[in-house]
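*Asks:* need a structure here:
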Amino acid sequence: MMSSLVAVILSIMHPFFVSVTEIKHNEKEKVVQISSKVFTDDFEKALKAKYRVGVDLVNPADKKKQDLLIADYMSKHLVLKINGKTVACRYLGYQIEQEAAWCFLEVQKVNHVNVIEVNDSILFDEHPSQTNLLHVTVKGDRQSTKLDNPDKTAVFKF
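*Replies:* Next comes the predicted model:
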């Protein structure tokens, strides 16, 4: 009980900054599906700092304009190479779930995957202690890793 109380107090005194990105190759559809989960308040601050505009992910004043900002941010901070070639991740949208925002992207026309290199610097500019968790699934084989700022690159071989 005491150790749980200490953990709660430490987490309040020293907040943690984390994102989670799931990457799955859907062989049948020949698409790589990507979903990234970030804390809404941290993501809003990052978007405001980068684009110098007000951002409200929960109640956007102009959702289309906000989607353009998110798409641009994600294209710069989540870059994939599949089988040695940089691929274009198409932004599909986002969804709010409690205190988090899920951003959805995809890469089309991916017949097979041998290697995925992920360059993930989501929120690294805002938080020196940012940690990004990556989970990649290809042919039912799930691999995971953790990237601590400033390390932003991971390679997954299948």
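*Asks:* run a quick neighbour tally on residue 34.
*Replies:* Residues near residue 34, counting by other C-beta atoms under 10 Å, number 23. Quick note: C-beta positions are derived from backbone N, CA and C, even for glycine.
*Asks:* just confirm it contacts residue 102, I think it does.
*Replies:* No - at 10.5 Å, residue 34 does not count as touching residue 102 under the criterion of C-beta atoms under 8 Å.
*Asks:* show me the strands in the protein, by range?
*Replies:* Listed in chain order, the strands of the chain (DSSP state E) span 18-26, 31-39, 78-82, 85-87, 90-97, 100-108, 115-120, 131-138, 141-148, 153-157.
*Asks:* between the ones you listed, which one is closest to residue 61.
*Replies:* Among the strands of the chain, strand 90-97 comes nearest to residue 61, with 15.3 Å by C-beta to C-beta.
*Asks:* bridging residues for the nearest residue to residue 58 once chain neighbours are set aside?
*Replies:* Excluding its sequence neighbours, the residue lying closest to residue 58 (C-beta to C-beta, 6 or more residues apart in numbering) is residue 96, at 5.6 Å. Beta bridges link residue 96 to residue 101, judged by DSSP bridges.
*Asks:* next up, the contacts around residue 96.
*Replies:* Counting by C-beta atoms under 8 Å, 6 or more residues apart in numbering, residue 96 makes contact with 40, 57, 58, 102.
*Asks:* do that again at 10 Å, thanks
*Replies:* Neighbouring residues of residue 96 by C-beta atoms under 10 Å, 6 or more residues apart in numbering: 40, 57, 58, 59, 102.
*Asks:* what does residue 130 give?
*Replies:* Neighbours of residue 130 in contact, by C-beta under 10 Å, 6+ apart: 16-19, 38, 42, 46, 120-124, 147-150, 152.
*Asks:* low-scoring stretches of the chain, by residue?
*Replies:* Applying pLDDT under 70 to the chain flags residues 1-14.
*Asks:* which one's the longest helix in it?
*Replies:* What stands out as the longest helix in the chain, according to DSSP state H, is helix 63-77.
*Asks:* C-alpha coordinates for that one, PDB please?
*Replies:* Below are the C-alpha coordinates for helix 63-77, written out as PDB (Å, rounded to 0.1, in the frame of the first residue of the first chain):
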ATOM      1  CA  LYS A  63     -12.100  20.700 -37.800                       C
ATOM      2  CA  LYS A  64     -10.800  20.700 -41.400                       C
ATOM      3  CA  LYS A  65      -8.100  23.300 -40.600                       C
ATOM      4  CA  GLN A  66      -7.100  21.400 -37.500                       C
ATOM      5  CA  ASP A  67      -6.900  18.100 -39.400                       C
ATOM      6  CA  LEU A  68      -4.500  19.800 -41.800                       C
ATOM      7  CA  LEU A  69      -2.300  20.800 -38.800                       C
ATOM      8  CA  ILE A  70      -2.400  17.300 -37.400                       C
ATOM      9  CA  ALA A  71      -1.600  15.700 -40.700                       C
ATOM     10  CA  ASP A  72       1.400  17.900 -41.200                       C
ATOM     11  CA  TYR A  73       2.600  17.300 -37.700                       C
ATOM     12  CA  MET A  74       2.300  13.600 -38.000                       C
ATOM     13  CA  SER A  75       4.000  13.600 -41.400                       C
ATOM     14  CA  LYS A  76       7.100  15.200 -39.900                       C
ATOM     15  CA  HIS A  77       7.200  13.300 -36.600                       C
END
